[in-house]
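Asker: Everything below, folded, please.
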Amino acid sequence: MKFAEILVNHPISSLKGNLTYEVPETFEIQEGQLVSIPFRTLKKTGIVIKIHEKKPSYPTKKIIEILSECPILLPWQQKLLEWIQNDSLCDLYRAYKLFIPEKIFSGIIPLHLTLLSNPLSEKKTPKTWIYQHELEEERFEQYKKMIEKTIQKEQQAVLLVSELCMVKNILPIFQDKNFQDKKCVLWHGSLTEKTKAEIWMDVRMNKTSLIIGSRSSLFLPYQNLGLIIVDQEHDNISYRQEQSPKYHTRNVVKKIQECAKNSVVLASHAPSIESYYLTQTGNARLVQSKKKKKRNIIMVDMSDELKRKNYSLISECLEREITKNLHEKKQTILFINKKGSISAILCRECGEKVECPNCHTALPYFRTKKLLICNTCGLKKDLPVRCKKCNSTYLKPLGGGTEKVEETVHNLFPKSNIIRIDSDTVKTIKDFKKAIPKIQEADIIVGTQLLLKLETYPRAGCIGIILADLQLSRPDYQASEESFQTFSQLILTNMPGDTVIIQTYQPSNIFFTKLKQNNYPLFFKEEINKRNEFQYPPFTRLLRLTCQHENSKRVQYMTNIMLQTLKKIAEKKELSKIYEIPAIPSFHHGKYQHHIIIKSEHPQKLLKNIPLGKEWKIDPDPINLT
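Answerer: The predicted model follows:
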């Protein structure tokens, strides 16, 4: 008599795991198949995880029906699923939900699944390219050529986009005569469950040649995957899954390449440090666009503005440019990073920021603790009285945000049409689409990184970066990298004007020299040396543990216990470093929270045998440490 461990399509599987069922003697069953089973008083579906002959000590029910002729996941998907479960430390049920639409999992749509005869054996050695571009139209044409070559080999291609609002720019490219007889579909989270199931089946039956979509399209059942292109691969926010199972798209793409033997293109105007590093180690080939964009970049020293008694967020130079644009009926785009609400301390005389002596990252000031605390190593320090560079006492936290900029601009130009674009005014993709006509009509646009969702501003005469120090002084090891990516993307914005004004308290910073020259290789060289010195990715991995509870003392107690436990386990692992840091904010959604950071080559291994209660949240490869 045979028995099967079944993962039931029900949330209880996250808590209880697999359930045991008896396999009828007439059934020829295999692991991975979708089956129909009795569950309490209901009829549910589940996936066969394991088959054995060990009879349980309790009565078991019989499997009712086999719903799929072969395993529901392809071999490469099964390997990916196992990796995701181990890497994110999630339960098996949540991992499976990534791969199977609900209408497929629940058996509502009949399954007639087949498997191609070993398509992987026909593929050549997979290749990885890092494609560094500047012009929007050029990169899309390059994508088209690569995808055409892939489809000609009768292989499937995937084009990942960071923003769904970009699809309208991309889709027409793949609707010409070369793609008329090929099926190209869009995939994203807003599709109906029925549509998802239909696309899933078409992809599995090899009826779809190209998928354009969000990060979740990686988990579709490609029978013969030939190419994955990741557009704007540096975008950590869009390509990071924040719900369990948590993952970063770059890591998933790398694992898929290992399992499915497909080629990969990671494209960006300023690649992530991790991706560009692959070109230095011989694991990827660098391809750079030939066409370059020229911009008139003006640096404004905000310390000089203070000396001239101008205490406004808008410099005299930027004010003149806005006045000129209004006269010529052109737009002005004003960018400010709202993440700057996490205050770094800056000398307003010389622009020097207060840094951690160990990590060379900005030290944020925690008002409740009245301390500067490093988010990278946990160092605690009193607020200095004087600047170590110029001895000035004019040390102030960097402040300001989109609302303050909007108010300032309204006072300067009361008759102008001003629109603010940030997370308060635009909460969803639908909100952003509704705002596009207003953006096009506005005289002055004030916004955060949401402005980057639009790559073209046909009326813009100038871009102003209000306080570049806000992003550059962010207390995180990725601050310089993300600043370079954001500012260079703003500089490369498709607009008729050519002027970009950058306001900063530290214009002599070598960072801005490299930015003005668009010298990414030089920027990378300095950044990778820092990462190596302080052992940050790509030289190690990070994992953030967050304790959350309604009682602040309980949070601190549990954090201390976990910290002691982890350090005991890590004593034998010299490459592991563990420390605690305050969470920002410390109180979130009715709960206090605190972080533990693990820096190790394999941080998940430290947690393997530690039972974690519901108070703990696991975040591998976090996009920030706070």
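
Asker: quick one, strands of the stretch 501-626 of the chain?
Answerer: When assigned using DSSP state E, counting those that start in this stretch, the strands of the stretch 501-626 of the chain occupy the ranges 541-549, 577-588, 591-600, 616-620.

Asker: buried stuff in the longest one?
Answerer: Pointing back at strand 577-588 there. By neighbour count on 16 or more other C-beta atoms under 10 Å, the buried set for strand 577-588 is 577-584, 586. Any C-beta I mention is one placed from the backbone N, CA and C, and that applies to glycine too.

Asker: tell me the least confident of these?
Answerer: Ranked by pLDDT, the buried residues of strand 577-588 bottom out at Ile584 (80).

Asker: Quick check: that one vs Thr546, distance?
Answerer: Going from Ile584 to Thr546 by C-beta to C-beta, to the nearest Å gives 11 Å.

Asker: Report the separation between the closest residue to Arg215 other than its chain neighbours and Glu533.
Answerer: Among residues not flanking Arg215 along the chain, Thr249 sits closest, at 4.6 Å (C-beta to C-beta, 6 or more residues apart in numbering). For Thr249, the distance to Glu533 equals 28 Å [C-beta to C-beta].

Asker: These two: who's more crowded?
Answerer: It is Thr249, of Thr249 and Glu533, that has more neighbours when counted by other C-beta atoms under 10 Å, with 23 against 11.

Asker: That one and Leu160 touch, don't they?
Answerer: Yes. In this structure, Thr249 is within contact of Leu160 by C-beta atoms under 8 Å, at 6.8 Å.

Asker: Look through this protein and tell me its longest helix.
Answerer: Longest helix in the chain by number of residues (criterion: DSSP state H): helix 552-570.

Asker: on that earlier part again, need the strands of the stretch 501-626 of the chain in JSON lines (columns: distance to Glu154).
Answerer: Listed next are those as JSON lines, based on distance: least, C-beta to C-beta, whole Å:
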{"stretch": "strand 541-549", "distance to Glu154": "37"}
{"stretch": "strand 577-588", "distance to Glu154": "49"}
{"stretch": "strand 591-600", "distance to Glu154": "43"}
{"stretch": "strand 616-620", "distance to Glu154": "36"}
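
Asker: looking at these, which one has the lowest mean pLDDT?
Answerer: strand 577-588 (a mean of 86).

Asker: follow-up on the earlier one: relative orientation of the longest helix of the chain and strand 591-600 in degrees?
Answerer: Counting by axes from the mean of the first three to the mean of the last three C-alpha atoms, to 10 degrees, helix 552-570 lies at 10 degrees to strand 591-600.

Asker: relative orientation of helix 552-570 and strand 577-588 in degrees?
Answerer: 160 degrees.

Asker: next one: helix 552-570 to chain centre, how far?
Answerer: 28 Å (C-alpha atoms, centre = their mean, to the nearest Å).

Asker: can you check stretch 187-195 too?
Answerer: Centroid displacement of stretch 187-195 relative to its chain, using C-alpha atoms, centre = their mean, is 21 Å.

Asker: quick one: buried residues of it?
Answerer: 187-188, 191.

Asker: repeat for stretch 205-215
Answerer: Using 16+ other C-beta under 10 Å as the test for burial, stretch 205-215 gives 206, 208-215.

Asker: now do stretch 383-393
Answerer: Using 16+ other C-beta under 10 Å as the test for burial, stretch 383-393 gives Cys387.

Asker: what's the first-to-last distance across that stretch?
Answerer: Terminal residues of stretch 383-393 are spaced 11 Å apart (C-alpha to C-alpha, to the nearest Å).

Asker: contacting residues around Leu92?
Answerer: When contacts are counted by C-beta atoms under 8 Å, 6 or more residues apart in numbering, Leu92 is found next to 7, 13, 17-18, 49, 85.

Asker: What is the nearest of those residues to Lys370?
Answerer: Taking C-beta to C-beta as the measure, Lys370 lies nearest Gln85 of the contacts of Leu92, at 43.1 Å.

Asker: and that closest one, what does it touch?
Answerer: Here Gln85 is in contact with 91-92, 95, 245 (C-beta under 8 Å, 6+ apart).

Asker: which SS state does it fall under?
Answerer: Under the three-state scheme (DSSP: H, G, I helix; E, B strand; the rest coil), Gln85 adopts helix.

Asker: now swap in Met299 and tell me
Answerer: For Met299, the secondary-structure state derived from three-state DSSP is strand.

Asker: Identify the residue spatially nearest to it, adjacent ones excluded.
Answerer: Once flanking residues are discounted, Met299 sits nearest to Pro507: 4.4 Å by C-beta to C-beta, 6+ apart.

Asker: what's the answer for Asn518, then?
Answerer: Excluding the flanking residues, the one nearest Asn518 by C-beta to C-beta, 6+ apart is Ser488, at 6.4 Å.

Asker: what pLDDT does that neighbour get?
Answerer: 94.

Asker: wait, is it part of a helix?
Answerer: Yes. Assessed by three-state DSSP, Ser488 belongs to a helix.

Asker: Wait, it touches Leu515, no?
Answerer: Yes. Between Ser488 and Leu515 a contact is recorded at 6.5 Å, counting by C-beta under 8 Å.

Asker: Who has more neighbours out of these two?
Answerer: Ranked by neighbour count (other C-beta under 10 Å), Ser488 and Leu515 place Leu515 first, with 24 against 20.

Asker: which residues does the nearest residue to the more buried one once chain neighbours are set aside contact?
Answerer: Distances taken as C-beta to C-beta, 6+ apart place Phe487 nearest to Leu515, at 5.7 Å, with adjacent residues excluded. By C-beta under 8 Å, 6+ apart, Phe487 lies in contact with 465, 468, 471, 502, 515.

Asker: Quick one: low-confidence residue ranges for the stretch 351-500 of the chain.
Answerer: 367-368, 375-376, 398-400 (pLDDT under 70).

Asker: hey, where'd the helices end up in it?
Answerer: Listed in chain order, the helices of the stretch 351-500 of the chain (DSSP state H, counting those that start in this stretch) span 402-412, 429-441, 468-472, 479-491.

Asker: Quick one: closest of the ones you listed to Ser600.
Answerer: Nearest to Ser600 among the helices of the stretch 351-500 of the chain is helix 479-491 (21.2 Å), distances taken as C-beta to C-beta.

Asker: Buried residues of that closest one, list them for me.
Answerer: 479-491.

Asker: Could you do stretch 154-172 as well?
Answerer: Neighbour-count burial for stretch 154-172, counted by 16+ other C-beta under 10 Å, picks out 155-164, 166-167, 169-170.
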